[in-house]
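Undergrad: What would the 3D arrangement of this be:
(2 chains)
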Amino acid sequence: MSSRDTDTQSIVSGDVPSREPSRLGRLSARFGRRAVTVLIGLTIAFLIVPVVFTFAASFFENLTGILPSGGLTLQNWKLALGIAESQGAQRGLGGFWTFVAPDILFVLTLPSGLEYVLRFPYDVTIQTPIPVALGFSVLLALLGVVVNLIVGVPIAYAVTRYTFPGRRLVNTFAILPIVPGIILGIAFLKTYPDLPSVIALVLGYSLLKIPYMVLAVQSSFESMDLRRIEESARSLGASWTTTFVRVIVPGAKQGIISGSIISWTLAAAEFNFSYIVYSRGPRPFSLFLFENISNNPFLRAAAAISIYFVIVVAVTALLNWVGENGFSVGGVQ
Amino acid sequence: MAESITLTSVRKEFGDTVAMSDVSLTIEPGETLGIVGPSGCGKTTTLRTVAGFETPSQGRVLFGEDDVTTVPPEQRDVGLVFQSYALFENMTVRENVEFGLKMRDVPADERHARATRLLQMLDIGTMADRDPATLSGGQQQRVGLARALAIEPRVLLLDEPMTGLDAQLKTRLQEEIGSLLDSIDVTSLYVTHDQSEAMVMCDRIAVMNEGSLEQVGSPDELYERPANDFVAQFIGTANRLSGDATGTTLSVAGAEFTTTRDLPDGNVTVIARPEAFSLGDGPVNAEIVEQHYLGGHVRATAETDSGEELVLEIDPPSMPTTSSIQLDIDTTRLHVLSHER
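TA: Below is the predicted model:
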């Protein structure tokens, strides 16, 4: 025993020098935590002030220098939404956006070489109040999210759950936002010249934003023991489909909610693709912003941007609510 | 009510790997059969074959008289309990337990009543409306067990159900669930790598190695009369000694002993458990080379003069002060392997 004691001692023998912190070390011990907090606060303030400022400015009558002045008004919002009483130059928008309904709705080329074309009998011009048009464009991006869910959730599941040849390749392509919107837009125009804008926009949005959906859902799936959960459900008598719909998908709820919010927001803000592809029909959101920002006074642009904020917040809340309440199908009431 | 489960000459290959080769096994009605073995020995494949997630390359699986070899898992009525619990996180505890009944279109009142009864039986009755993620590991495992039992399965399959739990909880849960399995009339298959857990939980144990069954028997059979070296080493602590036998004379560990039974003449392999040795006067001289105090006993490694290593379990008060010891061997507690392998 005694021999072991001396052994142990020899290992830790020698003086451990008492630590003498440097001047900097003492300062950092005293103020470090506070300094970091202040720095973070400043950074956040720096980023958030323009947003708050823009939102607030949109309710003022004038802008003097960089500060809003004059009384409070809703005029800017009304102008942006096209519901102001006629005030002269509204850049031909009136209170309406003008949509031209597509004259060709559908082209189907049969294998025999026959073409089946469904047409509108004549060009129709549809006048839509801008708030309604904005609603359409919210819907455009939402449809993109729906396509993303239908395609993205199974992809995320497949690459997490199974090993198959080409799995890594699928994974890479599904999660890399490779194609810029402008390139995809031109490719769409060239390849499907007759495709109605609505369909092109929805498909384009889903294609461009699917990586965000797949990534979010995949991280949810990765935290689940997919194989065993699936096997438990099947041993309890659920078919594969029932298992997928009632157990697997609801289990990835959080990922699906956040993936939907991210891909919707990005689709709504996607300018390049929308600008190139859009020709007629409900106008995308980003073009609404573009029209109000270019060649307009700042306050009207501010109002348009504020409208965008409000819609983003509303849709985010909606998606969150639907997500939190829409998965009770799997439960037992 | 409970049925027997029979595997007849089941072989399962994955590509070039043979996961199960010629496994024939019968689980008697209401019995809990354990399968133990090192990782990769085929025990989980056996369980998955019974569950229906693997289809045997050859051989058949019978539930009672029914051949279920090609029946898909969702139609087999098996209850599965996993190490990772695999609870459905989007459902409450009660919804988890009722899921299988819902799949069978059991009316809501009956589902509710059965779930309540099971949850109470498993001592988690107050947690019915909780989210499973908020429960402790032991509680989650009870939910998993309740969920599997709710469908009154033809066979209950448990795949390392206690591996993730801490030692104290494990001991308590082993006793609780062990007596639960005894009290309800269900045929169970219990897969674990932990032989002592299997000894607590199971009526009989099958030892598997490299895809084959080495021995099937009650815990005491496996411990006292292991069929071969592998079983002896896997179940409990075993000292494997080689010796020479002539009639009733056994020469082992550098000393000669007289046995009460006739032995096969020639070279034999002897399995000696630590309790076969007693400290004090005896013909075997050894030197203690390592020792660990474990509370109830001291686990000591000793080297005999003949160069063999022995693992001994010594009562702490009788621990010798010197490292040189003399040992006696109780020959009635030796097990002579019939063939050297």
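Undergrad: For the closest residue to B:Leu62 other than its chain neighbours, grab the count of nearby residues.
TA: Of all residues not flanking B:Leu62 in the chain, B:Thr6 sits nearest, at 4.2 Å (CB to CB, 6 or more residues apart in numbering or on different chains). No exception for glycine: its C-beta is placed from N, CA and C like everyone else's. Per other CB atoms under 10 Å in any protein chain shown, the neighbour tally for B:Thr6 reads 19.
Undergrad: Checking my notes, A:Leu47 in a helix, right?
TA: Yes. Going by DSSP: H, G, I helix; E, B strand; the rest coil, the assignment for A:Leu47 places it inside a helix.
Undergrad: how many neighbours does it have?
TA: 9.
Undergrad: Point out where the stretch 51-200 of chain A drops to low pLDDT.
TA: A:84-111, A:113, A:117-128 (pLDDT under 70).
Undergrad: Right, and chain B sits closest to which residue of it?
TA: Going by CB to the nearest CB, chain B is nearest to A:Thr163 of the stretch 51-200 of chain A, at 12.7 Å.
Undergrad: show me where the stretch 101-250 of chain A has helices.
TA: Assigned by DSSP state H, counting those that start in this stretch, the helices in the stretch 101-250 of chain A fall at A:130-161, A:167-175, A:181-191, A:197-222, A:226-235, A:240-243, A:249-251.
Undergrad: I figured B:Gly164 was touching B:Gln83, is that so?
TA: Yes. Contact criterion CB atoms under 8 Å: B:Gly164 and B:Gln83 qualify, at 5.6 Å.
Undergrad: Go ahead and list the helix or strand containing B:Leu279.
TA: strand B:277-293 (DSSP states H and E).
Undergrad: what about A:Leu195, neighbour count?
TA: Using other CB under 10 Å: A:Leu195 sits among 20 other residues.
Undergrad: what's near enough to touch the closest residue in space to it that isn't next to it in sequence?
TA: Among residues not flanking A:Leu195 along the chain, A:Phe188 sits closest, at 7.0 Å (CB to CB, 6+ apart). By CB atoms under 8 Å, 6 or more residues apart in numbering or on different chains, the residues touching A:Phe188 are A:Leu195, A:Ala200, A:Leu203, A:Gly204, A:Ile276, A:Val277.
Undergrad: for chain B, which residue is closest to the average position?
TA: Centroid check for chain B by CA atoms, centre = their mean gives B:Ala198 as the closest residue, at 2.9 Å.
Undergrad: my guess is it meets B:Gly37, correct?
TA: No. Using CB under 8 Å, B:Ala198 is not in contact with B:Gly37; the gap is 10.0 Å.
Undergrad: Tell me which residue of the stretch 151-300 of chain B lies closest to chain A.
TA: Counting by CB to the nearest CB, the stretch 151-300 of chain B gets nearest to chain A through B:Ile151 (6.1 Å).
Undergrad: Verify the contact between that residue and B:Leu101 for me.
TA: Yes. With contact defined as CB under 8 Å, B:Ile151 and B:Leu101 form a contacting pair (6.6 Å).
Undergrad: Which residues of the stretch 101-250 of chain B lie near chain A?
TA: Within the stretch 101-250 of chain B, the positions lying close to chain A (CB under 8 Å from any CB of the partner chain) are B:Lys102, B:Met103, B:Arg104, B:Ala108, B:Arg111, B:Gly144, B:Arg147, B:Ala148, B:Ile151, B:Leu157.
Undergrad: Just the residues you listed: which are in helices?
TA: Per DSSP state H, helices hold the following members of these: B:Lys102, B:Met103, B:Ala108, B:Arg111, B:Gly144, B:Arg147, B:Ala148.
Undergrad: A:Val49: how many residues sit nearby?
TA: Neighbour tally, A:Val49, other CB under 10 Å: 10.
Undergrad: do B:Leu180 as well
TA: Neighbours around B:Leu180, by other CB under 10 Å: 16.
Undergrad: Could you look up the SS state of it?
TA: Applying three-state DSSP: B:Leu180 is helix.
Undergrad: check contacts around it.
TA: B:Met121, B:Leu122, B:Leu145.
Undergrad: what's the span of stretch B:312-322, first residue to last?
TA: Counting by CA to CA, to the nearest Å, you get 15 Å between the two ends of stretch B:312-322.
Undergrad: Which positions within that stretch qualify as buried?
TA: Buried residues in stretch B:312-322, counted by 16 or more other CB atoms under 10 Å in any protein chain shown: B:Leu312, B:Ile314.
Undergrad: quick one: buried residues of stretch B:129-141?
TA: Residues of stretch B:129-141 classed as buried under the neighbour-count rule (16+ other CB under 10 Å) are B:Pro132, B:Leu135, B:Gly138, B:Gln139, B:Gln140, B:Gln141.
Undergrad: The first one and chain A: what is the separation?
TA: So the one you mean is B:Pro132. Using CB to the nearest CB, to the nearest Å, B:Pro132 is found at 11 Å from chain A.
Undergrad: can you check the fourth one too?
TA: Separation of B:Gln139 from chain A (CB to the nearest CB) stands at 17 Å.
Undergrad: Over to the fifth one?
TA: Between B:Gln140 and chain A the computed distance is 12 Å (CB to the nearest CB).
Undergrad: Just to check, that residue is in contact with B:Thr134?
TA: No. Between B:Gln140 and B:Thr134 there is no contact under CB under 8 Å: 9.5 Å.
Undergrad: Now B:Glu54: phi and psi?
TA: With angles defined as degrees, to the nearest 10, B:Glu54 sits at phi -120, psi 140.
Undergrad: Tell me which residues touch it, please.
TA: Taking CB under 8 Å, 6+ apart as the test, what B:Glu54 contacts is B:Lys12, B:Thr45, B:Arg48.
Undergrad: quick one: pLDDT of it?
TA: Note on B:Glu54: pLDDT of 93.
Undergrad: next one: A:Asp7
TA: 48.
Undergrad: go on, the one 4 residues further on?
TA: pLDDT recorded at A:Ile11 is 59.
Undergrad: one step back: make TSV out of the buried residues of stretch B:129-141 and add pLDDT and secondary structure.
TA: Converted to TSV, the buried residues of stretch B:129-141 look like this (pLDDT from 0 to 100; DSSP: H, G, I helix; E, B strand; the rest coil):
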residue	pLDDT	secondary structure
B:Pro132	93	helix
B:Leu135	93	coil
B:Gly138	88	helix
B:Gln139	91	helix
B:Gln140	92	helix
B:Gln141	91	helix
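Undergrad: farthest pair in these?
TA: B:Pro132 and B:Gly138 (12.6 Å; CB to CB).
Undergrad: List just the nearest of the contacts of A:Phe188 to B:Ser24.
TA: Out of these, the member with the shortest distance to B:Ser24 (by CB to CB) is A:Leu203, at 57.6 Å.
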